[in-house]
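[1] Need a 3D model of the sequence below.
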Amino acid sequence: MRALLGLLLLVAQLAAFAPARAPAQADDRVIVAFGDSLTAGLGVPADQTYPALLGERLRREGYAYKVVNAGVSGDTTAGGLRRVDWALRLKPEIVILELGVNDALRGQNLASVRANLDQLVARFQAAGARVLVAGMRLPPNYGTPYAEDFLRLFGEVARARNAPHIPFFLDGVGAIPHLNQADGIHPTAEGYAIVVNHLWPYLVPLLRK
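    Numbers count the residues shown, from 1 in each chain. Okay, the predicted model is just below:
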């Protein structure tokens, strides 16, 4: 029974790594959206996740990219490191890295979170991908020093690796009730559309036609 449950979990995780758009043309380049439930799109249909909406925006703007949704709900930076090899097999030209908040919500040591993120960026860059680091924030109840250190670490990793950085992935969406689902954490489809609009100026310099 334990082996069967393990197999079912693996199948569910692999299913999450589905393209966020229809099958690509041969000349399409790959963007991997690598993250947790905010990338996977927990609670919204697959075509309303931010990777899917980003894929639509790219097509409208004339960019030949496919966006692969490599989001796994509940994932941490350590979990991300365990699946980097899978993502690298997609030969991504660009990676949007959105991980770390689950580590912090569990009170993980931030030095370990920083080291894991740094290693993730380094692994993708070593394979030739350009990495866009998405910063996150914590609720105030986690304490000001911890929350400030957490917010700061994303910029520190990005600067150390000479990678572009979005200061706050959920800017304009986080803590705004009507743009989030009932849990107050995960955006609605409308919220994800704002996420895409917000990250677009950071992504455009990495694109090529």
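[2] Leaving out chain neighbours, which residue sits closest to Leu151?
    Take Leu151 and drop its neighbours on the chain: the residue closest to it by CB to CB, 6 or more residues apart in numbering is Arg137, 5.5 Å away. Every C-beta, even on glycine, is put in place using the N, C-alpha and C of the backbone.
[3] Assign that neighbour to helix, strand or coil.
    With DSSP: H, G, I helix; E, B strand; the rest coil as the basis, Arg137 sits in coil.
[4] what about it, neighbour count?
    By the criterion of other CB atoms under 10 Å, Arg137 has 20 neighbours.
[5] from memory it sits against Arg152, does it?
    No: using CB atoms under 8 Å, Arg137 is not in contact with Arg152, being 10.7 Å away.
[6] ranges for the helices of this protein?
    For the chain, applying DSSP state H gives helices covering 2-16, 37-40, 50-60, 77-82, 84-88, 101-105, 110-126, 144-160, 189-203.
[7] So which of the ones you listed is nearest Ala182?
    Closest approach to Ala182 among those is made by helix 189-203 (12.7 Å; CB to CB).
[8] what residues are up against the residue lying closest to Ala40 once chain neighbours are set aside?
    Excluding its sequence neighbours, the residue lying closest to Ala40 (CB to CB, 6+ apart) is Gly71, at 3.2 Å. Residues near Gly71 by CB atoms under 8 Å, 6 or more residues apart in numbering: 16, 33-41, 49, 51, 98.
[9] Surely Pro51 touches Tyr65?
    No: using CB under 8 Å, Pro51 is not in contact with Tyr65; the gap is 11.0 Å.
[10] more crowded one of these two?
    Ranked by neighbour count (other CB under 10 Å), Pro51 and Tyr65 place Pro51 first, with 28 against 23.
[11] okay, the more buried one: pLDDT?
    For Pro51, the pLDDT comes out at 98.
[12] for it, what are its contacts?
    Contact analysis of Pro51 by CB under 8 Å, 6+ apart lists Ala20, Ala33, Thr39, Gly41, Val67, Val68, Asn69, Gly71.
[13] burial measure for the second one, as a count.
    Read it as Ala33. Residues lying near Ala33 (other CB under 10 Å) number 30.
[14] so what pLDDT did it get?
    For Ala33, the predicted pLDDT is 98.
[15] and stretch 172-190, average pLDDT?
    What stretch 172-190 shows for mean pLDDT is 96.
[16] what about that stretch, start to end distance?
    End-to-end distance of stretch 172-190 (CA to CA, to the nearest Å): 11 Å.
[17] hmm, who's touching that stretch?
    Stretch 172-190 is contacted from outside by 37-38, 42-45, 48, 50, 137, 168, 170, 191, 194-195, 198, using CB under 8 Å, 6+ apart.
[18] Any idea which helix or strand in the protein has the lowest mean pLDDT?
    Least confident helix or strand of the chain, by mean pLDDT, DSSP states H and E, is helix 2-16 with a mean of 41.
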